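> sequence first, predicted coordinates after that:
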Amino acid sequence: MTLKKYQKIKLALVVIISIIFSQSIVFKNFIIPIIVLIISSLILMILRRRVKEIVADERDYIVGGKSALLTIQVYSWAAAIFMFVLYALRDTNPSFEPIAITLAFSTCLLMILYSLIFRFYNQVKFTEKKGKFITLVIVLTIFISIFTLRLFSGEDNWICKQGQWVKHGNPSFSAPTIPCK
C-alpha cells in the first residue's frame, strides 16, 4: 500500500469517526464511540504495517518527543493552576470541588504514566515483548482508572428524581439551584 492511499483511508476513518461520535452524543450513547475508536485504531495499525514507504523519520520522532514533553508540561501547569483556583472557589459553588479533584488526579496520573513510559523506553530495547508489555500497562491503567473512579466517586450527592433534588447519602452542600429535569 502506498503512503498516499494510507493517508486517504486515515482521513476517511476520521470523518466516519467524527460522524459516529456526534450522532452518539446526540442520542446519548457513549459505548458505541469507544468501540468504534478501538476498532478504527486497530484498522489503522494493521494498515500502517502494510505501507511500503517511509511514514516518519528520526527527525519526526525527535520533534514529536519534544512537543509531547512540552504539551505535558503546559497541561500540568495549567491544570494545577485551575485546580487551585477551583478548589479555592468551592465555597461559592460546591461543584467546583469535584472538578478540581478530577484535574488534580488526572494530572498526577498523566505525569506518572509519562514517567513510567519514559523510563521504560529509556531502559528497554524494542522487542515483541515490549509491545505486549505496553499493551499490558495500558490495560492495567484503564482498569486502575475505572477502579479509582468507582472507589472515590461521590456517594454523598444530590440526584434528580421526578423533577426533585433528592439526597443520596449525606451531602455536605445544599441542593443545586438549577432546575431538575
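Perfect, thanks for sending it. Numbering: from 1, shown residues only.
> ranges for the helices of the protein?
Ranges of helices within the chain are 3-26, 31-49, 58-88, 96-123, 128-152, based on DSSP state H.
> closest one to K167 among those helices?
helix 96-123 (16.6 Å; C-beta to C-beta). For glycine as for every other residue, the C-beta is placed from the backbone atoms N, C-alpha and C.
> now do that closest one: which elements does it pack against?
For helix 96-123, the packing partners by 3 or more C-beta pairs under 8 Å, 6 or more residues apart in numbering; DSSP states H and E come out as helix 58-88, helix 128-152.
> quick one, it and helix 128-152 angle?
Angle between the axes of helix 96-123 and helix 128-152 is 160 degrees (criterion: axes from the mean of the first three to the mean of the last three C-alpha atoms, to 10 degrees).
> buried residues, helix 96-123. List them.
F96, E97, A100, I101, L103, A104, T107 (16 or more other C-beta atoms under 10 Å).
> list the residues that contact the residue lying closest to the second one once chain neighbours are set aside.
Translated: E97. Counting by C-beta to C-beta, 6 or more residues apart in numbering, R90 is the residue found nearest to E97 once chain neighbours are left out, at 4.1 Å. Taking C-beta atoms under 8 Å, 6 or more residues apart in numbering as the contact definition, R90 lies against F96, E97, A100.
> what is the nearest of those to F173?
E97 (8.6 Å).
> roughly how far apart are the residue nearest in space to the middle of the chain and I99?
The residue lying closest to the centre of the chain (C-alpha atoms, centre = their mean) is S106, at 8.8 Å. Counting by C-beta to C-beta, to the nearest Å, the separation of S106 from I99 is 11 Å.
> which residue is the nearest non-sequential neighbour of A175?
Per C-beta to C-beta, 6+ apart, closest to A175 is W165, 4.1 Å.
> ok, now which ones touch that neighbour?
By C-beta under 8 Å, 6+ apart, the neighbours of W165 are W158, I159, A175, P176, C180.
> circling back: the nearest residue in space to the residue nearest to the centre of the chain that is not next to it in sequence: neighbour count?
What sits nearest to S106 in space, not counting adjacent residues and going by C-beta to C-beta, 6+ apart, is A79, at 7.1 Å. Per other C-beta atoms under 10 Å, the neighbour tally for A79 reads 19.
> tell me who's in contact with Y87.
Neighbour list for Y87: F96, E97, A100, I101 [criterion: C-beta under 8 Å, 6+ apart].
> please repeat the previous calculation with a cut-off of 7 Å.
E97, A100 (C-beta atoms under 7 Å, 6 or more residues apart in numbering).
> ok, it to Q123 distance?
For Y87, the distance to Q123 (C-beta to C-beta) stands at 37 Å.
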